[in-house]
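Chemist: Got a sequence here, can you model it:
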Amino acid sequence: MTKSTIYYTHTDEAPALATASFLPIVQAYAAKANVNIETRDISLAARILAVFADKLSATQQVADALSELGKLATTPEANIIKLPNISASIPQLKAAIAELQALGFDLPDYPDEATTDTEREARARYDKVKGSAVNPVLREGNSDRRAPASVKAYARKHPHVNKPFAAGSKTRVATMGQNDFFSNEKSILLPADDTLTIKHIAADGTETALKSGLKVLASEIVDATFMSASALDAFLAKTVEQAKADDVLYSLHLKATMMKVSDPILFGHAVKVFFADTFAKHGAAIEAAGLSANDGLGAILDGLANVDGGAAIIADFNKALAEGPSVSYVNSDKGITNLHVPSDVIVDASMPALIRNGGKLWDASGAEHDTLAVIPDSSYAGIYQATIDDVIANGPLDPAKIGSVPNVGLMAQAAEEYGSHDKTFEIKADGRVEVVNAAGEVLISHQVGKGDIWRATQTKDVAVRDWVKLAVNRARATNVPAIFWLDKSRSHDAAIIAKVNEYLGDHDTNGLTIEIMAPADATKYSLGRIRQGLDTISVTGNVLRDYNTDLFPILEVGTSAKMLSIVPLLNGGGLFETGAGGSAPKHVQQFLEENYLRWDSLGEFFALAASLEHLATTTNNPKAKVLADTLDRATGTFLEQDRSPGRKIGTIDNRGSHFYLGFYWAQELAAQTDDLDLASSFKQLAATLEAAESKIVEELIAVQGKPVDIGGYYRANVELVEKAMRPSATLNSALASL
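Modeler: A predicted model of the protein is given here:
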């Protein structure tokens, strides 16, 4: 039998550390079933080095693994396990560049304002790396994401706590509602293949091509919209006043990682408005120092430490913090506010955490307070307000009793990629932006002002057809209602609704409940059912796919990292994702300080089982099916025995959880009777691990409590990482015996 291959991604931060511990187990076990596990490095550092390969020496060059996997994803043979990766904000990108430069890689700095051809070329290369650069390349299919039955059962048996909102809670969402992306959206359906141009026409008639050669297909939906900068500033100023008047924490919730162009700009506006007096007084000096509000308060304060007169400016920032409304803190012990780092507060993770905590966040002293959650664009802010209203009215959700809200998400072929791509622009002068076809006809036009944020998105017809099919298939397989979260009053959603209604006619929907509801109404409907212990499939676009696959899992099972995420690729392959990575930076920080990694790889276990099952079918490898079935049972035992990483030093961490998963998996393989050769191969290993359990755990725990050096954050030293993540000589020897 020829070996079949699973491509395992090497990514960043905590998931990358965990891979160093878990992958040796996977490779050893898979080899016995003629399954080859190959890694591909798509970390932020590797992506940076790949786009500058021609500038590096032969020994420094790395392969463009992302492009390779992107091509693979369009083939029937694709079988890719994708771990969470850094969707780099500008501060993260700059930090990664600095680390690589210090390691001897001759890379240019990231130019905030590219004025020369050399800077423009460097900027263009870096723009291919920042933000959500990975997902649009690999996601050649739509998303099927849900809590596995074993996770749901565990959550019911060992429920986490969702706190109630206090009587009279003042926590609420503030959003614009007008002059934002939602209200200014225009949508068109392309009648035929075409090539579009996006251009800006200034008030004086000067034309600038913002984007040329934009290929579109027949029946493709193209949307365009903008957010008024002046309206944004007025809204933000009002929210600062409201937070002060209501005596609640001020908390900004954006997604400056995935929405890599638009949301850092929004973040910068918030920083400037909150510290309006400071910028009025020192704005010129801050700009002259090369510091940008878009990078956050933390970058400004760090930069001012090296500027003449910087201490006085820092003092004014601190004075403004003291005199303004209290700000929520990401880390009160280290003085890191909600406005410090754009990538620290990601709306789809931060809002569920706020709701789970009874509507409270933390101030400078670590005390909890009600919060004004500021979400400028009103497109989806309503789902969070609806959830808050429900919890206030009906009490917190009880994980021991509630149902589930799985998701079918539209994302194939970069559908609805939003604010993260080369079709988002900060407008340089008053005028208008036009989308023009090859015949010169103006398809969409917006009057814009200087500083406005304009963006366009595309959604291909094949992606919508597949999304509808996947939704119907899931509804049929589970006999659960499927709700399309679409708002007929929104231009883009109206175009999608027309397609949904048409393509539902291609399927047998008799006996199924399939409805279309606006997002806030769908939220209320789903929460009403979840409280009755009932499930409801949320069928959503790309943005809500992100939001819903954090919101409901965090309230249902305590985390989004334990979800099963399958992407059936359009051409027959499979992409298997392992959960969200929002907490990864905090886990790395603890690991470096205490040699304790609390990252939970449970989502990785589910993804691997699904990948093996897919491989067994597509390559006719029954041994792979045995691996998948036994891994699934082992994961059930893992949950029942509560072998996820503990909460404090002295308990097993990520490395210990991998040992136990491997232990239970070996036991299941040794006991199964579907493949006696595999059973024979694992009997000795299972016996060895059982006999050495105490010693292995002791070796894994013994290293905890001391700082650990891995030689870097974005491009850690491979040998140091392996040494740190595989500290049990007994376990390593047992695996080698296979």
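Chemist: pretty sure residue 202 contacts residue 433?
Modeler: No: look at residue 202 against residue 433 with Cβ atoms under 8 Å: they stay out of range, at 10.5 Å. (Each C-beta comes from the backbone N, C-alpha and C, glycine too.)
Chemist: higher neighbour count, those two?
Modeler: Neighbours of residue 202 and residue 433, each counted by other Cβ atoms under 10 Å, are more numerous for residue 433; the result is 23 against 15.
Chemist: Next, the more buried one: secondary structure please.
Modeler: The three-state assignment at residue 433 reads strand, by DSSP: H, G, I helix; E, B strand; the rest coil.
Chemist: so who does it touch?
Modeler: 198-201, 210, 224, 226, 425, 427, 445-446, 448, 454 (Cβ atoms under 8 Å, 6 or more residues apart in numbering).
Chemist: same question, residue 60
Modeler: The contact partners of residue 60, taken as Cβ under 8 Å, 6+ apart, are 49, 104-105.
Chemist: Can I have the buried ones of the contacts of residue 433 as a PyMOL selection?
Modeler: In PyMOL, a selection of the buried entries from the contacts of residue 433 looks like this (16 or more other Cβ atoms under 10 Å):
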select buried, resi 198+199+200+201+210+224+226+425+427+446+448+454
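Chemist: So which of the contacts of residue 433 belong to strands?
Modeler: Among these, DSSP state E puts 198-201, 210, 224, 226, 425, 445-446, 448, 454 in strands.
Chemist: got TSV for these, with pLDDT and distance to residue 38 too?
Modeler: Output for the ones in strands among the contacts of residue 433, formatted as TSV (pLDDT from 0 to 100; distance: Cβ to Cβ, whole Å):
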residue	pLDDT	distance to residue 38
198	97	40
199	97	44
200	98	45
201	98	50
210	95	40
224	96	41
226	97	44
425	95	39
445	98	49
446	98	47
448	98	48
454	97	42
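Chemist: Let me see the ranges of the strands in the stretch 201-350 of the chain.
Modeler: Secondary structure of the stretch 201-350 of the chain (DSSP state E, counting those that start in this stretch): strands at 207-216, 221-227, 249-252, 329-331, 336-337.
Chemist: Out of these, which is closest to residue 517?
Modeler: strand 221-227 (20.0 Å; Cβ to Cβ).
Chemist: helices or strands next to the closest one in the packing?
Modeler: Applying 3 or more Cβ pairs under 8 Å, 6 or more residues apart in numbering; DSSP states H and E, one finds that strand 221-227 makes contact with strand 186-189, strand 431-436, strand 442-448, strand 453-459, helix 491-504.
Chemist: Swap in 6 Å and give it another go.
Modeler: strand 186-189, strand 442-448, strand 453-459 (3 or more Cβ pairs under 6 Å, 6 or more residues apart in numbering; DSSP states H and E).
Chemist: can you list the residues that contact the last one?
Modeler: Under the criterion Cβ atoms under 6 Å, 6 or more residues apart in numbering, residues 221-224, 226-227, 262, 265, 415-416, 418-419, 423-427, 433, 448 lie in contact with strand 453-459.
Chemist: same question, the first one
Modeler: Under the criterion Cβ under 6 Å, 6+ apart, residues 221-224, 443-444, 491-492, 495 lie in contact with strand 186-189.
Chemist: same thing with the second one?
Modeler: If you take Cβ under 6 Å, 6+ apart as the criterion, strand 442-448 is touched by 186, 188, 224, 226, 427, 432-437, 454.
Chemist: Reformat these as a markdown table; add distance to residue 733.
Modeler: Listed next are the contacts of strand 442-448 as a markdown table, based on distance: Cβ to Cβ, whole Å:
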| residue | distance to residue 733 |
| --- | --- |
| 186 | 64 |
| 188 | 64 |
| 224 | 61 |
| 226 | 61 |
| 427 | 63 |
| 432 | 70 |
| 433 | 64 |
| 434 | 67 |
| 435 | 63 |
| 436 | 67 |
| 437 | 66 |
| 454 | 60 |
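Chemist: Pull out the buried positions in stretch 724-733.
Modeler: The neighbour-count criterion (16+ other Cβ under 10 Å) identifies 724-728, 730-731 as the buried residues of stretch 724-733.
Chemist: Now residue 370: phi and psi?
Modeler: phi -60, psi 160 (degrees, to the nearest 10).
Chemist: Restricted to helices, list the contacts of residue 60.
Modeler: If you go by DSSP state H, the contacts of residue 60 have residue 49 in helices.
Chemist: List only buried entries from the contacts of residue 60.
Modeler: 49, 105.
Chemist: just the contacts of residue 60 now: which is nearest residue 387?
Modeler: The closest of the contacts of residue 60 to residue 387 turns out to be residue 49 (Cβ to Cβ; 41.8 Å).
Chemist: Leaving out chain neighbours, which residue sits closest to that closest one?
Modeler: In this structure, residue 49 finds its nearest non-sequential neighbour in residue 62, 4.6 Å apart by Cβ to Cβ, 6 or more residues apart in numbering.
Chemist: Report the separation between the one you found and residue 625.
Modeler: Between residue 62 and residue 625 the computed distance is 35 Å (Cβ to Cβ, to the nearest Å).
Chemist: just residue 719 next, same as before
Modeler: Distance from residue 719 to residue 625, by Cβ to Cβ: 36 Å.
Chemist: before we move on, what about residue 477?
Modeler: 20 Å.
Chemist: Pick out whichever of these two has more residues nearby.
Modeler: Set residue 477 next to residue 625 and count neighbours by other Cβ under 10 Å: residue 625 wins out with 18 against 8.
Chemist: ok, the more buried one - contacts?
Modeler: Listed by Cβ under 6 Å, 6+ apart, the contact set of residue 625 reads residue 616.
Chemist: one more time with 7 Å
Modeler: Counting by Cβ atoms under 7 Å, 6 or more residues apart in numbering, residue 625 touches 613, 616.
Chemist: can I assume it sits in a helix?
Modeler: Yes: Residue 625 forms part of a helix when assessed by three-state DSSP.
Chemist: quick revisit: looking at the buried residues of stretch 724-733, which are in helices?
Modeler: Those of those lying in helices (DSSP H): 724-725, 730-731.
Chemist: Can I get those residues in TSV including distance to residue 176 and pLDDT?
Modeler: Formatted as TSV, those follow (distance: Cβ to Cβ, whole Å; pLDDT from 0 to 100):
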residue	distance to residue 176	pLDDT
724	46	97
725	45	98
730	59	98
731	54	98
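Chemist: Out of these, which two sit at the greatest distance?
Modeler: Farthest pair in these, by Cβ to Cβ: 724 and 730, 16.7 Å.
Chemist: Show the backbone phi and psi for residue 407.
Modeler: Residue 407 has phi and psi values of phi -130, psi 140 when expressed as degrees, to the nearest 10.
Chemist: Quickly list what it is bridged to.
Modeler: Beta bridges link residue 407 to residue 145, residue 538 when assigned by DSSP bridges.
Chemist: wait, it sits on residue 551?
Modeler: No: using Cβ atoms under 7 Å, residue 407 is not in contact with residue 551, being 9.8 Å away.
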